[in-house]
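Colleague: Got a sequence here, can you build the structure:
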Amino acid sequence: GKPLLGAIKKRNLEDVVVAVVRYFGGVKLGIRGLIEAYGFTANEALDEGIVVLYCEASLIRIVASYTAWSHFQRTAEHFNGVKVISADYGSEVVLTVGVRSDEKDELIAFFKKHNCLVKVQENDILMKIPL
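Modeller: Prediction:
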């Protein structure tokens, strides 16, 4: 309801769910008391929660040698905006990664420099990854 939505809007949050379960209330609390109880509880829950910031990212498929994959893992802290979605280990490493747009070209260049096959998913599919 409005008290919960107000608590969310006050913090400028998106993609969030706040649920308040009422075990008691109504006639004795009155309408105003219920509104205040819901608002207070939503604010308390949001104050205790952890806010995680997300950004839009492109989905990229990379076929890499184990040498290139190992080198990437050693230098991964350089790429803050990269999230490995999946890694399949066979004769080569097949990665699906989400990468922030500001690091996309650098990541592609890194793997191409190591003779890896890099494919950006069709239509530059966007997803959200933590900052």
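Colleague: rest of the way, CA atoms for contacts and neighbours
Modeller: Noted.
Colleague: which parts of the biggest strand by length in the chain are buried?
Modeller: In the chain, assigned by DSSP state E, the strand with the most residues is strand 54-64. Residues 56-64 are the ones in strand 54-64 that count as buried (16 or more other CA atoms under 10 Å).
Colleague: go on, stretch 105-122?
Modeller: 107-108, 111, 116, 118, 120.
Colleague: Show me what secondary structure element comes after the longest strand of the chain.
Modeller: Sequence-wise, the next helix or strand downstream of strand 54-64 (DSSP states H and E) is helix 66-74.
Colleague: Contacts for that next one, please.
Modeller: 92-93, 111, 114, 116 (CA atoms under 8 Å, 6 or more residues apart in numbering).
Colleague: Sort out for me which of these are in helices.
Modeller: Counting by DSSP state H, the part of the contacts of helix 66-74 found in helices is Phe111.
Colleague: quick one: which of the contacts of helix 66-74 is nearest Ile8?
Modeller: Of all these, Phe111 has the smallest distance to Ile8: 40.9 Å, by CA to CA.
Colleague: Which pLDDT value goes with the closest one?
Modeller: Phe111 carries a pLDDT value of 86.
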